[in-house]
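>>> Pasted the sequence and its predicted model underneath.
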Amino acid sequence: MSATALSIVLFAALLHATWNALVKAAPDRALTLAAVSGMHALAGIILIVISEPPATASWPSIFASTVIHYAYYLLLFQAYRLGDLSQVYPISRGMAPALVAVGTYLMIGESLSPLGWAGLGLVTAGIGLLAMQRGAGHADSKAIVVAALLGLSIAAYSVADGIGVRYSGSPTGYMGWLFLFESPVTLAILADRRRAGIPINWRIVGIGLIGGLFAVTAYGLVLYAKTIAHIGAVSAIRESSVIIAALIGVIVFRERPWFGRVLAAVVVAVGVVTLAGFG
């Protein structure tokens, strides 16, 4: 991989971990997520305008992924309400590629190489280590369960999108409609605020819009990197975000215990890199 491609993917990983940190730190996470999904919808409109429409065969995947993304936002909200960034993020992001690997093996017999199975074992060990570290006394053990469900949702929409993009004939058109269909998340949260008479804090909306911009940019950068570098290598290095998120958690949010969490995140990252590179 060239230095340019490596820099792009690492920057994308930083952006992804950062927007999750913004959600975790926000005093109003629901409104923040509304703004994040609103930015996705805006990006979707732009992509739809400049892209060819996706093929009919890809629409079932678009609808499936959309529904799964609604569950993803709900789980993301609950995960960061209950747990720490340095726990939730590595568990959910580490589980996804491992679940995809196991799922493709069970469904279509796509087997892993010995190194791929070793990577899967490392991911499992790292997640297990995180799950056993409940941290400070105020931490809720339910966060582990929600983080696992979040990882399941990430794996599910990853499979749906992987199939859909192949059938679409227009990857950017596919993404455009997928992003636009996130708008009900924004509308539902804003409508709920209006019914409850809760005023909108525009500062928090601004933070959420920045987070959404980071999320969209990270996604676009990874897609671009896949056109100039090996796809497996890009996917693997992208998951270095679990280490970044763990560091943000222990340094910025002062989440504890710090050593075990960073160590577990490194184990997860090494496992995902091995799984993606040698699966």
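Sure, I can see it.

>>> Apart from its neighbours in sequence, what residue is nearest Gly164?
Spatial nearest neighbour of Gly164, chain neighbours left out: Ser61 (2.7 Å); criterion: C-beta to C-beta, 6 or more residues apart in numbering. C-betas here are computed from N, CA, C, even on glycine.

>>> okay, and the helix or strand of this protein with the least pLDDT?
Lowest on mean pLDDT, DSSP states H and E among the helices and strands of the chain sits helix 231-238, with a mean of 69.

>>> what about Gly211, helix or strand, and which?
Under DSSP states H and E, the secondary-structure element containing Gly211 is helix 202-228.

>>> was I right about Tyr73 contacting Val185?
Yes: Tyr73 is within contact range of Val185, at 5.3 Å (criterion: C-beta atoms under 8 Å).

>>> returning to that earlier point: enumerate the positions of the helix holding Gly211 that are buried.
By 16 or more other C-beta atoms under 10 Å, the buried positions in helix 202-228 come out as 204-205, 207-219, 221-222, 225-226.

>>> Give me the pLDDT value at Ile228.
Note on Ile228: pLDDT of 81.

>>> what's the neighbour count on the nearest residue to it once chain neighbours are set aside?
Nearest residue to Ile228 in three dimensions, chain neighbours excluded: Ala5, at 5.3 Å (C-beta to C-beta, 6+ apart). Ala5: 19 surrounding residues under other C-beta atoms under 10 Å.

>>> How about the one 10 residues further on?
Neighbourhood size, Leu15 [other C-beta under 10 Å]: 22.

>>> What helix or strand is it located in?
Going by DSSP H and E, Leu15 is in helix 3-25.

>>> Equivalent analysis for Arg254, please.
Going by DSSP H and E, Arg254 is not in any helix or strand.

>>> quick one: it from Ser86, how far?
10 Å (C-beta to C-beta, to the nearest Å).

>>> Same question for Thr186.
Separation of Thr186 from Ser86 (C-beta to C-beta) stands at 28 Å.

>>> and those two? which has more neighbours close in?
Neighbour totals were compared for Thr186 and Ser86, and Ser86 leads with 31 against 23 (other C-beta under 10 Å).

>>> Now for that one: which residues touch it?
Neighbouring residues of Ser86 by C-beta atoms under 8 Å, 6 or more residues apart in numbering: Ala245, Ala246, Ile248, Gly249, Val250, Phe253, Glu255, Trp258, Arg261, Val262, Ala265.

>>> now do 10 Å
Contact analysis of Ser86 by C-beta atoms under 10 Å, 6 or more residues apart in numbering lists 24, 130, 133, 135, 242, 245-253, 255-258, 260-262, 264-265.

>>> In which helix or strand does the residue nearest to it when sequence neighbours are not counted reside?
Closest residue to Ser86 apart from its sequence neighbours, by C-beta to C-beta, 6+ apart: Gly249 at 2.9 Å. In this assignment (DSSP H and E), Gly249 forms part of helix 241-251.

>>> So Gly151 sits against Ala96, correct?
Yes: counting by C-beta atoms under 10 Å, Gly151 does reach Ala96; the two are 5.3 Å apart.

>>> Give the ranges of residues in the stretch 51-200 of the chain that sit below the confidence cut-off.
Residues of the stretch 51-200 of the chain meeting the criterion pLDDT under 70: 104, 107-112, 131-140.

>>> For it, which segments count as helices?
Listed in chain order, the helices of the stretch 51-200 of the chain (DSSP state H, counting those that start in this stretch) span 59-82, 85-108, 114-132, 142-168, 171-180, 183-196.

>>> Which one, of the ones you listed, ends up nearest to Leu47?
Comparison of the helices of the stretch 51-200 of the chain against Leu47 by C-beta to C-beta identifies helix 171-180 as nearest, at 3.1 Å.

>>> name the helices or strands packed onto the closest one?
On a contact count with 3 or more C-beta pairs under 10 Å, 6 or more residues apart in numbering; DSSP states H and E, helix 171-180 meets helix 29-50, helix 59-82, helix 142-168, helix 202-228.
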